[in-house]
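Visitor: Provided below for reference: sequence and predicted model.
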Amino acid sequence: MFFKRKKKLVKRISVYISDKYQQIIIAPRHINKAGIIYEQESCEVIDKGISDSALGEAVINSLNKFSFKEQNLRESKLTDWPAFKHSKSKSVRAFDQEYINISINGCNEYNMIIDIEGIPHKDSELTIKSSISFYADKDEIGKRIMKVYEACLTGKI
């Protein structure tokens with residue numbers, strides 16, 4: 001008798017940080033049958049002044065919310081974007097300019113290492129990337145996220 005191995009999911013979230021609004025938006029994600037990864041409605045909005053440890057804890061908690069959920073995305077509009085709806089931006093275009101996007105993804109199905117990848121601006125050809133253990137100290141994870149964020153702010157990519 002053969003047993004089908006349950007496929008594990010590579011965990012993914014998005015983190016958006018704004019200096020203008022002093023705000024961090026953590027957006028857990030889902031994946032559907034078509035393999036499309038999309039943000040969950042339940043984003044966490046926190047003050048940018050949060051401690052590195054609390055940021056690391058919030059990110060790990062959000063990564064653990066990643067799941068399979070079927071949803072038809074054909075009817076969605078850009079303004080339905082969960083992170084945008086939780087932001088203080090007046091338009092999607094303003095959101096793209098006022099927030100730095102940082103993707104946090106497991107490196108494989110075991111999610112033991114996570115990649116933290118920052119995109120300095122919407123049309124960047126290059127990104128800033130760092131890797132760290134999923135099980136690292138939460139303070140170190142928070143510090144690493146903020147280092148990637150600071151590099152995105154200062155880097156002329």
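Guide: Yes, it's here.

Visitor: Arg29 in helix, strand or coil?
Guide: Under DSSP: H, G, I helix; E, B strand; the rest coil, Arg29 falls in the strand class.

Visitor: per-residue pLDDT, it?
Guide: At Arg29, the model reports a pLDDT of 97.

Visitor: what are the ranges of the strands in the protein?
Guide: In the chain, the strands defined using DSSP state E lie at 12-18, 23-31, 37-39, 44-47, 67-68, 100-106, 113-119, 128-133.

Visitor: Other residues contacting stretch 98-116?
Guide: Outside stretch 98-116, the residues within contact range by CB atoms under 8 Å, 6 or more residues apart in numbering are 7-18, 20-21, 25, 59, 63, 83, 87, 89, 117-120, 129-135, 141, 144-145, 148-149, 152-153. (Each C-beta comes from the backbone N, C-alpha and C, glycine too.)

Visitor: Go again with 7 Å.
Guide: 8-18, 20-21, 59, 63, 87, 89, 117-119, 129-134, 144-145, 148-149, 152-153 (CB atoms under 7 Å, 6 or more residues apart in numbering).

Visitor: Show the end-to-end separation of it, please.
Guide: With CA to CA, to the nearest Å as the measure, stretch 98-116 spans 19 Å from end to end.

Visitor: Stretch 104-118 now?
Guide: Terminal residues of stretch 104-118 are spaced 9 Å apart (CA to CA).

Visitor: and if you look at stretch 19-36?
Guide: End-to-end distance for stretch 19-36: 30 Å, by CA to CA.

Visitor: mind listing what's buried in it?
Guide: Of the residues in stretch 19-36, 21, 23-31 count as buried by neighbour count, 16 or more other CB atoms under 10 Å.

Visitor: where are the low-confidence patches of the chain?
Guide: Residue ranges of the chain with pLDDT under 70: 1-7, 155-157.

Visitor: Mind giving me the packing neighbours of the longest helix seen in it?
Guide: Determined from DSSP state H, the single longest helix within the chain is helix 138-154. Counting contacts by 3 or more CB pairs under 7 Å, 6 or more residues apart in numbering; DSSP states H and E, helix 138-154 is packed against helix 52-63, strand 100-106, strand 113-119, strand 128-133.

Visitor: thinking again about what came up before, can you turn the buried part of the contacts of stretch 98-116 into a ChimeraX selection?
Guide: Isolation of the buried members of the contacts of stretch 98-116 (16+ other CB under 10 Å) is achieved in ChimeraX through the command below:
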select :9,11,12,13,14,15,16,17,18,21,59,63,87,89,117,118,119,132,134,144,145,148,149,152
